[in-house]
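>>> Next input, structure requested:
(4 chains)
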2 protein chains.
Amino acid sequence: MEKKLTINDIARMAGVSRQTISRVLNNKPEVNEATRKQVLRIIEKHEFQPSLQARSMVTRKTNMIAVLLPDISNSFFAEIVRGIERTLRANKLHVFLMTSEEEIALENSFIQLAQNYNVDGMILCSPRLDEANLRKLIPRVSPVVLLNRDLDADGAACVVVDSLYGGYTATKYLIEKGHSKIGIILGPSRAYSNIQRLDGYKKALVEFGIPVEDDLIMHVEVDNKGVHKLTEQLVKKKVTAITAYNDLAAAYVIQACTDLNLKVPDDISVIGFDGSVISQFMNPALTTMSLPLFEMGQTIANTLVRMIKGDQPFERLTTIYPILKERNSTKSLS
Amino acid sequence: MEKKLTINDIARMAGVSRQTISRVLNNKPEVNEATRKQVLRIIEKHEFQPSLQARSMVTRKTNMIAVLLPDISNSFFAEIVRGIERTLRANKLHVFLMTSEEEIALENSFIQLAQNYNVDGMILCSPRLDEANLRKLIPRVSPVVLLNRDLDADGAACVVVDSLYGGYTATKYLIEKGHSKIGIILGPSRAYSNIQRLDGYKKALVEFGIPVEDDLIMHVEVDNKGVHKLTEQLVKKKVTAITAYNDLAAAYVIQACTDLNLKVPDDISVIGFDGSVISQFMNPALTTMSLPLFEMGQTIANTLVRMIKGDQPFERLTTIYPILKERNSTKSLS
DNA sequence: TTGTAGGCGTTATCAT
DNA sequence: ATGATAACGCCTACAA
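Numbers count the residues shown, from 1 in each chain, chains lettered A, B, ... in the order given. Predicted coordinates for the structure are as follows:
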């Protein structure tokens, strides 16, 4: 690492005090034009750039935003982060990335870490922390934007997907296609979104007078590994359609069906959730409840930026509605 | 944001000097056990945690690693970052994420930014910067690990995919399946890996005495949007097989073939590159040159950690060989 | 074992 | 318009 020049070095070279250098760096008006030019020349000649660390010590701003999520290789989060990063960048804010791998302890310590680094704000994607802890930690890193978590707390805003609507719409769609024996595979976490999705599923069934059968409701234990087996169980129970909690899970469902010599959608209909890139390349192309992930990322970041600026209004709660994208993995029951 | 306690506050409460607090925080031995316990009690009671910023000012270490890549939503990079993050985390290092969107100007300014934040090291994924600039910037953020770029510079190590081997192996595989009219679709950038891949393609053809036809060599202009059209052109030229520069591009190739009423692999064979998640769910499942992305991320981070520690040897150049994963998108020409 | 003084590189405040 | 001085919160070196 090259040894870095400091503002003092520049001051010495320019024959002025470091305060003047500071003024030039910060575009303060009260500097003689001649001096300013001279200083700028020296700064450029030596490609001097001030230490943001030192600056942060006094300004109390780091321009860093901590972004905490379970898994960056999950395209759901990756696409959201793309939206976040671009929007933050446009506001001269930068991303401190933290991955919790769904571990509560890591989530906890990462939020502390964010505080210790003195970030200007934090984005929490689907935190698993319980409400009490969340309420305790939020003030330390606020402002905070939460994804998929509705918490009414000071210094926090929320962007949530309406999973109830999603689960309801997907199920209703299948019912209207003539299905009544519909299996549902829910995600590994006890997350709110899963409960919501299940509620939506039930709501649709009830609305159409179809009995809710508990043994058609499946929960994945840890990750997608279990989907294959759950699909087998559902098939044994003669379902004619399955809704999965995300597109990748739906892909595993289809794979399992193929292994069981069932054709999708002829023998069984499958519907996913997310609308990630893989959904359109699967065969058959996946019918899914699609989410505007990139735009969600932008919304999240924009909300945070407004909170930070402090002079602009922001939505305490933004609700995102998934949109049914009908493709070829679903079919009318004839 | 709650107002944060400082080391001075704790010192006052404990009735000792702040230096003693510092000693306790840093586990220095020269502290009376009674004092240490007393101080620890107060620290815990108030959940005091030192400012890492202030600490960095004097220790000259931030424990932050800048990770610069073109696009986090590209599963190729996302999976690599997952490996990087986990390994860095195990070494108490953290990720400062920067996305360049393939723009050279952004790459340039992000490297500067990394310097100004005084990061402990940097990971550059497939930088587009020319060699001169790269050589100039590396010393400012070193140690640096470069992905897919072989540059022999002080303070830099490289992890590269052997694209020549990959291109060669894929092409050879197709030739041995009886294909001789083989199209190749190369990536958008003038990146080294594309040139290498083409060289491998040519090498295989030459080895088997098959003439290299320039009009079977296609370059994507900007992104995957163009793949569809290029595929049409190749089909017009009666190719029986196409190798694509990554799995997503291969997906578009297959889509284009379907649109042209060609069946894969019966009418045309397609082979991808990367072995990303989508490849196994495509229909037909994609034959591809697969890369151990997560492990590559780990290797990259591990190399950087060794460089930072300084007392451990590290590979200046690590070469990764893609592995042929034969699935159902390729077939013998009968 | 503990405390004091000084400094890391900047900006803020108050003089001049 | 410019400069001197004091912070920001911590650690290092030296003194007690």
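>>> three-state assignment of A:Glu221?
coil (DSSP: H, G, I helix; E, B strand; the rest coil).
>>> Just give the number of residues close to it.
9 (other Cβ atoms under 10 Å in any protein chain shown). C-betas here are computed from N, CA, C, even on glycine.
>>> Distance check, it against chain B.
A:Glu221 is 20 Å from chain B, where distance means Cβ to the nearest Cβ, to the nearest Å.
>>> Let me know the secondary structure of the nearest residue to that residue once chain neighbours are set aside.
Counting by Cβ to Cβ, 6 or more residues apart in numbering or on different chains, A:Glu221 lies nearest to A:Pro188, which is 6.3 Å off, once chain neighbours are set aside. When classified by three-state DSSP, A:Pro188 comes out as coil.
>>> ditto for A:Val270
Recorded secondary structure, A:Val270: strand (three-state DSSP).
>>> Any idea how many residues pack against the closest residue to it other than its chain neighbours?
Here the nearest residue to A:Val270 in space, its sequence neighbours aside, is A:Ser329; by Cβ to Cβ, 6+ apart that works out to 4.6 Å. Applying other Cβ under 10 Å, we find 27 residues neighbouring A:Ser329.
>>> what's the spacing between whichever residue of the stretch 151-300 of chain A sits closest to DNA strand D and B:Glu213?
Proximity of the stretch 151-300 of chain A to DNA strand D (Cβ to the nearest atom of the strand) peaks at A:Gly155, 19.0 Å away. Distance, A:Gly155 to B:Glu213, by Cβ to Cβ, to the nearest Å: 64 Å.
>>> Neighbour count: the two, which is higher?
Neighbours were counted for A:Gly155 and for B:Glu213 using other Cβ under 10 Å; A:Gly155 has more, 16 against 13.
>>> Test my guess that the more buried one contacts A:Ser142.
Yes: look at A:Gly155 against A:Ser142 with Cβ atoms under 8 Å: they come within range, at 3.0 Å.
>>> Any part of the host helix or strand of A:Ile254 near chain B?
Following DSSP states H and E, one finds A:Ile254 within helix A:247-259. Yes: legend: contact between helix A:247-259 and chain B by Cβ under 8 Å from any Cβ of the partner chain is shown at A:Leu248, A:Ala251, A:Ile254, A:Gln255.
>>> for those, which one is nearest chain B?
A:Ala251 (4.1 Å; Cβ to the nearest Cβ).
>>> if I look at the closest one, how far off is A:Ser329?
Look at A:Ala251 and A:Ser329: by Cβ to Cβ, they are 10 Å apart.
>>> got it, and A:Ala66?
Separation of A:Ala66 from A:Ser329 (Cβ to Cβ): 38 Å.
>>> got a pLDDT number for the residue nearest to A:Ile175 when sequence neighbours are not counted?
Once flanking residues are discounted, A:Ile175 sits nearest to A:Phe208: 5.0 Å by Cβ to Cβ, 6+ apart. With respect to pLDDT, A:Phe208 has a value of 97.
>>> and A:Met57, how many neighbours?
16.
>>> Could you list the low-pLDDT ranges of chain A?
A:1-2, A:189 (pLDDT under 70).
>>> What residue in it comes nearest to chain B?
A:Asn283 (2.2 Å).
>>> packing partners for the helix holding A:Ile254?
helix A:227-236, strand A:241-244, strand A:269-274, helix A:277-281, helix B:277-281 (3 or more Cβ pairs under 8 Å, 6 or more residues apart in numbering or on different chains; DSSP states H and E).
>>> In the stretch 101-250 of chain A, which residue sits closest to DNA strand C?
A:Asn118 (12.8 Å).
>>> mind checking the SS state of that residue?
Applying three-state DSSP: A:Asn118 is coil.
>>> Need phi/psi at it.
Dihedral angles of A:Asn118 (phi, psi; degrees, to the nearest 10) stand at phi 60, psi 50.
>>> OK, contacts around it?
A:Ser56, A:Arg60, A:Thr62, B:Ser51, B:Leu52, B:Gln53 (Cβ atoms under 8 Å, 6 or more residues apart in numbering or on different chains).
>>> The residue nearest to A:Glu221 touches A:Val227, doesn't it?
No: using Cβ under 8 Å, A:Pro188 makes no contact with A:Val227, being 10.1 Å away.
>>> what residues are shared contacts of these two?
Here A:Pro188 and A:Val227 have A:Val220 as joint contacts, going by Cβ under 8 Å, 6+ apart.
>>> Compare those two and say which is more crowded by neighbours.
Taking other Cβ under 10 Å, A:Pro188 and A:Val227 do not tie; A:Val227 has more neighbours (23 against 17).
>>> Surely the more buried one and A:Val253 touch.
Yes: counting by Cβ under 8 Å, A:Val227 does reach A:Val253; the two are 6.1 Å apart.
>>> shared neighbours of the two, anything?
With contacts defined as Cβ under 8 Å, 6+ apart, the residues shared by A:Val227 and A:Val253 are A:Ile185, A:Ala244.
>>> hang on, isn't A:Leu248 packed against A:Ser279?
No: look at A:Leu248 against A:Ser279 with Cβ under 8 Å: they stay out of range, at 9.2 Å.
>>> re the thing from before, excluding sequence neighbours, find me the nearest residue to the residue of chain A closest to chain B.
B:Asn283 (2.2 Å).
>>> neighbours of A:Arg306, just the number please.
18.
>>> so which strand or helix has it?
Counting by DSSP H and E, A:Arg306 is part of helix A:293-309.
>>> which other helices and strands contact that helix?
helix A:75-90, strand A:121-125, strand A:144-147, strand A:156-161, strand A:317-320.
>>> any idea of the angle that helix forms with strand A:156-161?
170 degrees (axes from the mean of the first three to the mean of the last three Cα atoms, to 10 degrees).
>>> residues from chain A in reach of DNA strand C?
A:4, A:6-8, A:18-19, A:21-22, A:25-26, A:50-51, A:54-55, A:57-59 (Cβ under 7 Å from any atom of the strand).
>>> PyMOL command for the buried members of those?
The PyMOL selection below is limited to those of the residues of chain A next to DNA strand C classed as buried (16 or more other Cβ atoms under 10 Å in any protein chain shown):
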select buried, chain A and resi 7+21+25+50+51+55+57
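>>> Mark which of the residues of chain A next to DNA strand C are part of helices, please.
Among these, the members found in helices (DSSP state H) are A:Ile7, A:Asn8, A:Arg18, A:Gln19, A:Ile21, A:Ser22, A:Leu25, A:Ala54, A:Arg55, A:Met57, A:Val58, A:Thr59.
>>> possible to save the residues you listed as JSON lines with distance to chain B?
JSON lines is the format used below for these (distance: Cβ to the nearest Cβ, whole Å):
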{"residue": "A:Ile7", "distance to chain B": "13"}
{"residue": "A:Asn8", "distance to chain B": "15"}
{"residue": "A:Arg18", "distance to chain B": "16"}
{"residue": "A:Gln19", "distance to chain B": "19"}
{"residue": "A:Ile21", "distance to chain B": "15"}
{"residue": "A:Ser22", "distance to chain B": "15"}
{"residue": "A:Leu25", "distance to chain B": "12"}
{"residue": "A:Ala54", "distance to chain B": "6"}
{"residue": "A:Arg55", "distance to chain B": "9"}
{"residue": "A:Met57", "distance to chain B": "6"}
{"residue": "A:Val58", "distance to chain B": "11"}
{"residue": "A:Thr59", "distance to chain B": "11"}
